[in-house]
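Visitor: could you work out the structure for the sequence below:
(chains A and B)
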Number of protein chains: 2
Amino acid sequence: MKDEKGILFILSGPSGVGKGTVRKALFERDPDLAYSISVTTRQAREGEQNGVDYFFKTKDEVKKMIEQGEFIEYAEYVGNYYGTPKAYVEQTLEEGRDVFLEIEVQGALQVKENFPEGVFIFLFPPSLEELKNRIISRGTETEDLVRNRLLEAKKEIEMMDAYDYVVVNDDVHNAVDRIESIVVSEHCKRERIASQYKKALGSVEL
Amino acid sequence: MKDEKGILFILSGPSGVGKGTVRKALFERDPDLAYSISVTTRQAREGEQNGVDYFFKTKDEVKKMIEQGEFIEYAEYVGNYYGTPKAYVEQTLEEGRDVFLEIEVQGALQVKENFPEGVFIFLFPPSLEELKNRIISRGTETEDLVRNRLLEAKKEIEMMDAYDYVVVNDDVHNAVDRIESIVVSEHCKRERIASQYKKALGSVEL
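Guide: Got it, this is the predicted structure:
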């Protein structure tokens, strides 16, 4: 029964919760998932590759893409732009493949407006203390930025209500297990598949 | 975060689809699940044990239990009664354990009225032909009964719309994998857990 369209999954959550790490572990296990690479204007961190982790672009380039409506969502976050190219997502879903977006909370809320049928997963820190430690240990932020990011994170957690699922990132492999279960179970949702099944039965002689 | 109540899962589907086999395989893998043993007035089949597969009771005994409101659901099906004892289910959910009911479609619809917060899983035959073969190969039914059961099954499949999930029983282990994923993902549903998480964060100093 593979007339089914793909499902758009949105993995989001507060800054520092470990979205990137979880997403990478998920894609290592499940190479059939299509990952939509975001566009960003922020500096590449050590080890990040253009066209793999992000498409790194200038602000002028991104502003032009925004004007031309080429994003499914975009956000300005801590002074930089992040955006998801629209065409790739739509085309991949039509092919019957699931698409995974890993994005900031602001972006997820925009996707919710454009794709309410998407499945929204909120990655949750084991505790705010833990989140603080992770942001600090990343070592890329000043003290003021750390405080800013934590305040932002607390606000973002308030937005949890817009999401379908909450997954605690207590351990990367546990988090990935839970996300994989969500993917499987969403494909079993009655409203997605009941009409196909009924059609398949219609023609049978008793 | 284990203040969480258990979830009531209802595994149902047309007669002959293999509910019992799937339920047994599920419980072998996952001994923490609580299975609510049904009461029935039908004859025990070979290998079935009283108090393990069912509580086998007389019609008079069951009628008395119905009068006293001791069932979460009950149904008369092909001349026999099947019912689920209420007290056990409620108590187990309060203890934070999930309860699994394996019941006929009529019974599931009654549970839906009494426990709309239950999670309803419809086990689906790979095809009606396959369902017919399974009912015949069970070898316990006359030709008329087989035809009756198939007509019943077709009607039951029409009732799929009352369910949350549809799981194809193409292979027992695949079906159990999907059901386990549904269990995990239901525990990640935002509306079940968001308030606990927010509470846990409320007290943190920034």
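Visitor: all strands for chain A, in order.
Guide: Along chain A, counting by DSSP state E, strands occupy A:8-12, A:34-35, A:38-40, A:54-56, A:71-77, A:80-85, A:99-102, A:119-124, A:165-168.
Visitor: hey, which of those is tucked in deepest?
Guide: The highest mean neighbour count among the strands of chain A, using mean count of other CB atoms under 10 Å in any protein chain shown, belongs to strand A:119-124: a mean of 26. In this view, the C-beta of every residue, glycine as well, is placed from N, C-alpha and C.
Visitor: in its sheet, what does it sit against?
Guide: strand A:8-12 (parallel), strand A:165-168 (parallel) (DSSP bridges).
Visitor: ok, back up a step: got the strands of chain A as CSV, with distance to B:Leu131 columns?
Guide: Formatted as CSV, the strands of chain A follow (distance: least, CB to CB, whole Å):
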stretch, distance to B:Leu131
strand A:8-12, 33
strand A:34-35, 35
strand A:38-40, 47
strand A:54-56, 50
strand A:71-77, 42
strand A:80-85, 44
strand A:99-102, 35
strand A:119-124, 31
strand A:165-168, 33
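Visitor: with distance to B:Ser127 and mean pLDDT added, can I get those in JSON lines?
Guide: Output for these, formatted as JSON lines (distance: least, CB to CB, whole Å; pLDDT from 0 to 100):
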{"stretch": "strand A:8-12", "distance to B:Ser127": "30", "mean pLDDT": "95"}
{"stretch": "strand A:34-35", "distance to B:Ser127": "30", "mean pLDDT": "82"}
{"stretch": "strand A:38-40", "distance to B:Ser127": "43", "mean pLDDT": "89"}
{"stretch": "strand A:54-56", "distance to B:Ser127": "46", "mean pLDDT": "89"}
{"stretch": "strand A:71-77", "distance to B:Ser127": "38", "mean pLDDT": "87"}
{"stretch": "strand A:80-85", "distance to B:Ser127": "40", "mean pLDDT": "89"}
{"stretch": "strand A:99-102", "distance to B:Ser127": "31", "mean pLDDT": "92"}
{"stretch": "strand A:119-124", "distance to B:Ser127": "29", "mean pLDDT": "95"}
{"stretch": "strand A:165-168", "distance to B:Ser127": "32", "mean pLDDT": "95"}
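Visitor: quick one, which of these is nearest to B:Asp161?
Guide: Of all the strands of chain A, it is strand A:119-124 that lies closest to B:Asp161, at 20.8 Å by CB to CB.
Visitor: so for A:Glu4, what's the nearest residue that isn't a sequence neighbour?
Guide: A:Gly96 (6.0 Å; CB to CB, 6 or more residues apart in numbering or on different chains).
Visitor: before we move on, the earlier item: make JSON lines from the strands paired with strand A:119-124 and add distance to B:Glu46 to it.
Guide: Formatted as JSON lines, the strands paired with strand A:119-124 follow (distance: least, CB to CB, whole Å):
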{"stretch": "strand A:8-12", "distance to B:Glu46": "46"}
{"stretch": "strand A:165-168", "distance to B:Glu46": "44"}
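Visitor: pretty sure A:Arg97 contacts A:Ala34?
Guide: Yes - using CB atoms under 8 Å, A:Arg97 is in contact with A:Ala34, at 4.8 Å.
Visitor: intersection of neighbour lists for these two?
Guide: Common contact partners of A:Arg97 and A:Ala34 (CB atoms under 8 Å, 6 or more residues apart in numbering or on different chains): A:Gly6.
Visitor: and the spatially closest residue to A:Tyr88 that is not a sequence neighbour, how many neighbours?
Guide: Leaving aside its chain neighbours, A:Tyr88 sits nearest to A:Ser36 (5.7 Å; criterion: CB to CB, 6+ apart). A:Ser36: 17 surrounding residues under other CB atoms under 10 Å in any protein chain shown.
Visitor: residues contacting A:Ser36?
Guide: Counted by CB under 8 Å, 6+ apart, A:Ser36 has contacts A:84-85, A:88-89, A:92, A:99-101.
Visitor: how about 7 Å then?
Guide: A:84-85, A:88-89, A:99, A:101 (CB atoms under 7 Å, 6 or more residues apart in numbering or on different chains).
Visitor: can you list the residues of chain A near chain B?
Guide: A:122, A:124, A:128-129, A:147, A:150-151, A:154, A:157, A:160-161, A:163-167, A:178, A:181-182, A:184-185, A:188-190, A:193-194, A:197, A:201, A:204, A:206 (CB under 7 Å from any CB of the partner chain).
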